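Chemist: Have a look at this fold, sequence not included:
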């Protein structure tokens, strides 16, 4: 029997994870629902000495990984790996795995929802009507088919978003690290700076890495069209928050749609309280179906590795003899 530590969870309980883990003969230890500081996670690891760690948002530091003798896997209950010390896990002979394809439709849908809210003015007019103001003459709305939309990051989710945009008749530009056209003639690949200059709406689907931290900074915001709209449904630190606020205050951008923000869960109030910023609390990935799939597949991956098999979705290549 192995011990599996689940550091945190963004749902009411760990019943699905427990069913899978304990059904395979292992023991699940659950930390607090809200992610604890790295030091508290390290203390949990030192106390329970797990052979597997599952994490949603909590930081799994190098110290935590080093404290887990016999650790076989750190499983991200999600996609991004920026909260896991991957290099340390690799050096210690532990797999790092994720679930890269559980919420493709949800995140793409959320990006489109933010675009529609901006183009059709739904949040603004909802507030106006509820405040007793009925003024249809104030509408300054956009026809979607007239828009050029740039997608930064053309992976699974970026392509799903592109297919939805094509259905609305939008012109779709894209920029990615590989810069490969692929098999969709409706997507035109362009360099990032050209995408920013040519797009009415820019949607960020890029992963957070050392290279993409503050990818959208003051210089790149200045390259965007005057009146353009920025959507981030990937990771908050892709955007320099101070630079974004300055661009909005200067009137260079017409607004932003943010599911993720640098500094969350306590983002700058000066940004999120603006009427031209639409904010949701990092929920683009979420639906009843996607969460159930995510939880079950994460737990199944752990059981697979504890049984001596290779994970289905490895994110590193450790020396498992280490």
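Modeler: In hand now; what should we look at? As the structure is a prediction and not an experimental result, all values here were calculated from the model.
Chemist: farthest residue from the center of this structure?
Modeler: In the chain, the residue that sits farthest from the middle, by CA atoms, centre = their mean, is residue 137; the gap is 37.4 Å.
Chemist: how near is the residue nearest in space to the middle of the chain to residue 111?
Modeler: Closest residue to the average C-alpha location of the chain: residue 234 at 3.7 Å, with CA atoms, centre = their mean. Distance, residue 234 to residue 111, by CB to CB, to the nearest Å: 9 Å. In this view, the C-beta of every residue, glycine as well, is placed from N, C-alpha and C.
Chemist: any common contacting residues for those two?
Modeler: residue 205 (CB atoms under 8 Å, 6 or more residues apart in numbering).
Chemist: Does residue 165 touch residue 172 like I think?
Modeler: Yes: with contact defined as CB atoms under 8 Å, residue 165 counts as touching residue 172 (5.1 Å).
Chemist: and for those two, which residues touch both?
Modeler: 149, 151.
Chemist: quick one: low-confidence ranges for the stretch 101-250 of the chain?
Modeler: Across the stretch 101-250 of the chain, the ranges flagged by pLDDT under 70 are 179-183.
Chemist: mind listing the helices for it?
Modeler: 104-120, 122-130, 156-167, 192-198, 218-223, 241-249 (DSSP state H, counting those that start in this stretch).
Chemist: So which other helices or strands are in contact with the fourth one?
Modeler: Secondary structure elements in contact with helix 192-198, counted by 3 or more CB pairs under 8 Å, 6 or more residues apart in numbering; DSSP states H and E, are strand 148-152, strand 171-175, helix 218-223.
Chemist: can you give me phi and psi for the residue nearest to the centre of the chain?
Modeler: phi -110, psi -90 (degrees, to the nearest 10).
Chemist: you'd agree it is up against residue 153?
Modeler: Yes: with contact defined as CB under 8 Å, residue 234 reaches residue 153; the gap is 6.8 Å.
Chemist: Overlap in contacts, those two.
Modeler: 204-207.
Chemist: Let's see which of these end up in strands.
Modeler: The members of these that map onto strands under DSSP state E are residue 204.
Chemist: Reformat the shared contacts of residue 234 and residue 153 as a markdown table; add distance to residue 227.
Modeler: Shown next, in a markdown table, are the shared contacts of residue 234 and residue 153 (distance: CB to CB, whole Å):
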| residue | distance to residue 227 |
| --- | --- |
| 204 | 18 |
| 205 | 22 |
| 206 | 23 |
| 207 | 28 |
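Chemist: top of the shared contacts of residue 234 and residue 153 by neighbour count?
Modeler: Greatest neighbour count in the shared contacts of residue 234 and residue 153, by other CB atoms under 10 Å, goes to residue 205: 26 neighbours.
Chemist: Run through the residues that contact it.
Modeler: 107, 111, 151-155, 157-158, 161, 233-234.
Chemist: mind listing the strands for this structure?
Modeler: Under the criterion DSSP E, the chain contains strands at 3-6, 27-30, 52-55, 73-76, 95-97, 148-152, 171-175, 187-189, 201-204, 228-232, 253-258, 277-279.
Chemist: Quick one: these as TSV, columns for distance to residue 299 too.
Modeler: Converted to TSV, those look like this (distance: least, CB to CB, whole Å):
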stretch	distance to residue 299
strand 3-6	8
strand 27-30	8
strand 52-55	7
strand 73-76	8
strand 95-97	12
strand 148-152	32
strand 171-175	34
strand 187-189	36
strand 201-204	30
strand 228-232	30
strand 253-258	31
strand 277-279	31
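Chemist: can you tell me which of these comes nearest to residue 83?
Modeler: Minimum separation from residue 83 across the strands of the chain (CB to CB) falls at strand 52-55, 6.5 Å.
Chemist: Isn't residue 145 up against residue 169?
Modeler: Yes: counting by CB under 8 Å, residue 145 touches residue 169, with 3.4 Å between them.
Chemist: Quick check: buried residues in stretch 41-55?
Modeler: Neighbour-count burial for stretch 41-55 flags 41-42, 44-45, 48, 50-55 (criterion: 16 or more other CB atoms under 10 Å).
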